[in-house]
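Novice: here is my input; please provide its structure:
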Amino acid sequence: MTDALELDTGAEPTLRLWGGRFSAEPSVEMDRLNRSLPVDHRLWREDVAGSQAWASAIAAAGVLTHAEWVALQSGLDRVAARLEEWSAGDWQAAPDEDIHSLVERLLYEEAGDVAGKLHTGRSRNDQVATDSRLWSFGAVSRLDTLLRDLQRALLEHAEAHRTTVMPSYTHLQRAQPVSVAHWLLSHAWPLARDRERLAQARERAAVLPLGSGAIAGCPFPVDRVLLKETLGFHAVSANSMDAVADRDWVAELLFVAAMVGVHLSRLAEDLVLFSSAEWGFVKLSDRFSTGSSLMPQKRNPDAMELARGKAGRLIGGLTGVLATLKGLPSGYNKDLQEDKDALFSAFDTLESLLPAVAGSVRTMEIDCVRCGSAVDSAMLATDLADFLVKRGVPFREAHGIVGRLVRASEELGCGLDELDGRFFTHVSPAFEGADFQALFSPEQALAARAGIGGTAPDAVTEQIAALRSIL
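Specialist: Here you go, the predicted model:
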């Protein structure tokens, strides 16, 4: 691999983009701290693309002759070919300070002295901001694809379980019966919001900083609108000082990543609980579970537990970048070099995590009998109160009446549906003639909640159709 770059790994860097006013090379300690190539090397494609666009822009501005422009374009093509070979190699072996220095050094080797003209009017400040934003376009697209895949996995199960009854929970206590589909869709909708936020953050990342120079702008008549269109940006930055320092878009993407992590963690927590012997609502596939090194019987939901754990790291990345940004003065500061590590780490984490979560969901088995048997008659207490309301009893009074019935069933050690009908008519004459079989039917309870967003089968079908339409 090293032959592709013809590196002498023991040599000092052969090119720096600065240093004329210095009388000595940086110390080993300073070079180790300052060097960002091990992190920013993955921007090489974006750096080459941005450099080719910049070469065209300064050629149009009269800085380059046509022959020089051709030499730079073909030289950058050859640089890209060499870096493509190197992309799986050890970037620590390259002696360069950062990806921009490496690309320019290789361009000297490929195109000769004309390489020295490429940086005219450009600074690493607007260069790295451009490269990072360009990289985010592909990362956002990949993340959106993975989020859609998880949504599809949830929808596949939801479509098969529109009428399968299970308990819902508030305060981790059994609440009211819902369909399994309704529960699954409660995790699919947050992912839809994540995708909306991701698209919005991508739009704000698509503002071109190139042409801002180090801080004050470019003194050559570069067509920034043409640069924007060439590189696929949607707008041009309005202020050069702001452009080189703006990392709002990084913080936004990290917030989206952290929010995705939180949503995955909540789904994971449900699946950890529901796959336990105590619940038994779902069974996770062997392919997405692990075992114990000591206890042969164990099936551990490690994919889900890792989803919970990695959410903390994603939140930490966002917090770290916000803490960095809040203390900076205007203009570019080297602190901003830390943004890429956090950004790359967040997307790498989600790109490894989401396929495992989607696979876990897609291959899990839902125990319909166990889900249904966990619904007890006390969970229909609200339906009893609703029945009384329909017979003219004020809800607050109905709530108290049913509460007394629940207490009676607890004291007698029986289910609410096992109370003698005389208990009901004794606490309220409004129960006279009630069809208790229907009142204690979980299916009827589901069907009653048919409004938009409810758990009735028809309402769930509408949810599924709405989610399908945005996939």
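Novice: need the longest helix for this protein.
Specialist: helix 124-160 (DSSP state H).
Novice: list the buried ones in it?
Specialist: 124-137, 139-140, 143, 146-155, 157-158 (16 or more other C-beta atoms under 10 Å). Every C-beta, even on glycine, is put in place using the N, C-alpha and C of the backbone.
Novice: immediately after that helix, which helix or strand?
Specialist: Per DSSP states H and E, helix 124-160 leads on to strand 165-170 as the next helix or strand towards the C-terminus.
Novice: which strands or helices does that following strand pack on?
Specialist: When contacts are defined as 3 or more C-beta pairs under 8 Å, 6 or more residues apart in numbering; DSSP states H and E, strand 165-170 sits against strand 173-179, helix 180-205, helix 368-373, helix 442-448.
Novice: relative to residue 322, which of these is closest?
Specialist: Checking those against residue 322 by C-beta to C-beta gives helix 180-205 as the closest, at 14.7 Å.
Novice: go through stretch 243-258 and flag the buried ones.
Specialist: When burial is assessed from 16+ other C-beta under 10 Å, stretch 243-258 yields the following buried residues: 243-247, 249-258.
Novice: cool, stretch 69-76 as well?
Specialist: Buried, per 16+ other C-beta under 10 Å, within stretch 69-76: 69, 71, 72, 75, 76.
Novice: export the helices and strands packed on strand 165-170 as a markdown table, with columns for distance to residue 307.
Specialist: Converted to a markdown table, the helices and strands packed on strand 165-170 look like this (distance: least, C-beta to C-beta, whole Å):
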| stretch | distance to residue 307 |
| --- | --- |
| strand 173-179 | 23 |
| helix 180-205 | 12 |
| helix 368-373 | 22 |
| helix 442-448 | 29 |
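Novice: want to throw those into CSV with mean pLDDT, distance to residue 353 and mean neighbour count?
Specialist: Putting those into CSV (pLDDT from 0 to 100; distance: least, C-beta to C-beta, whole Å; neighbours: other C-beta atoms under 10 Å) gives the following:
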stretch, mean pLDDT, distance to residue 353, mean neighbour count
strand 173-179, 97, 27, 19
helix 180-205, 98, 13, 20
helix 368-373, 98, 27, 15
helix 442-448, 96, 33, 18
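Novice: tell me which of these sits nearest to residue 461.
Specialist: helix 180-205 (8.7 Å).
Novice: what's the first helix or strand after whichever strand or helix holds residue 347?
Specialist: In this structure, residue 347 sits in helix 339-363 according to DSSP H and E. Per DSSP H and E, the first helix or strand lying C-terminal to helix 339-363 is strand 365-366.
Novice: contacts for that next one, please.
Specialist: Strand 365-366 has contacts (C-beta atoms under 8 Å, 6 or more residues apart in numbering) with 157, 161, 164, 180, 281, 282, 283, 285.
Novice: change it to 7 Å
Specialist: Identification of contacts with strand 365-366 by C-beta atoms under 7 Å, 6 or more residues apart in numbering yields 157, 161, 180, 281, 282, 283.
Novice: average pLDDT for it?
Specialist: For strand 365-366, mean pLDDT rounds to 98.
Novice: now swap in stretch 342-353 and tell me
Specialist: On average, stretch 342-353 scores 98.
Novice: likewise stretch 130-141?
Specialist: 98.
Novice: tabulate the CA atom coordinates of it in PDB.
Specialist: What follows is stretch 130-141 as a C-alpha-only set of coordinates in PDB (Å, rounded to 0.1, in the frame of the first residue of the first chain):
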ATOM      1  CA  THR A 130     -16.400  22.700   2.400                       C
ATOM      2  CA  ASP A 131     -15.000  19.200   2.500                       C
ATOM      3  CA  SER A 132     -16.800  18.400   5.800                       C
ATOM      4  CA  ARG A 133     -20.100  19.600   4.500                       C
ATOM      5  CA  LEU A 134     -19.700  17.700   1.300                       C
ATOM      6  CA  TRP A 135     -18.900  14.500   3.300                       C
ATOM      7  CA  SER A 136     -22.100  15.000   5.300                       C
ATOM      8  CA  PHE A 137     -24.300  14.800   2.200                       C
ATOM      9  CA  GLY A 138     -23.400  11.200   1.600                       C
ATOM     10  CA  ALA A 139     -23.500  10.400   5.300                       C
ATOM     11  CA  VAL A 140     -27.000  11.800   5.700                       C
ATOM     12  CA  SER A 141     -28.200   9.800   2.700                       C
END
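Novice: pull the residues that contact that stretch.
Specialist: With contact meaning C-beta under 7 Å, 6+ apart, stretch 130-141 is reached by 43, 46-47, 49-50, 198, 202, 205, 208-210, 231-232, 249, 253, 340, 347.
Novice: same question, stretch 339-348
Specialist: Around stretch 339-348, the neighbours that count as contacts under C-beta under 7 Å, 6+ apart are 39-40, 42, 132, 139, 143, 247, 250, 253-254, 257, 314, 317, 320-321.
Novice: buried stuff in it?
Specialist: Across stretch 339-348, burial judged by 16+ other C-beta under 10 Å covers 339, 340, 341, 342, 343, 344, 345, 346, 347.
Novice: what is the neighbour count of residue 361?
Specialist: 27 (other C-beta atoms under 10 Å).
Novice: name the nearest residue to residue 98, sequence neighbours excluded.
Specialist: residue 36 (4.7 Å; C-beta to C-beta, 6 or more residues apart in numbering).
Novice: again, but for residue 358
Specialist: residue 150 (4.2 Å).
Novice: from what I can see the one you found touches residue 356, true?
Specialist: No - at 10.1 Å, residue 150 does not count as touching residue 356 under the criterion of C-beta atoms under 7 Å.
Novice: okay, now the unreliable bits of the protein?
Specialist: Low-confidence segments of the chain (pLDDT under 70): 1-24, 27, 29-31, 33-34, 88.
Novice: okay, domains of it per the record?
Specialist: 2-120, 125-373, 377-470 (automatic domain parsing).
Novice: residue contacts, the residue at minimal distance from the centre of the chain?
Specialist: Nearest to the mean C-alpha position of the chain, counting by C-alpha atoms, centre = their mean, stands residue 257 at 3.6 Å. Taking C-beta under 7 Å, 6+ apart, we find residue 257 in contact with 314, 346, 347, 350.
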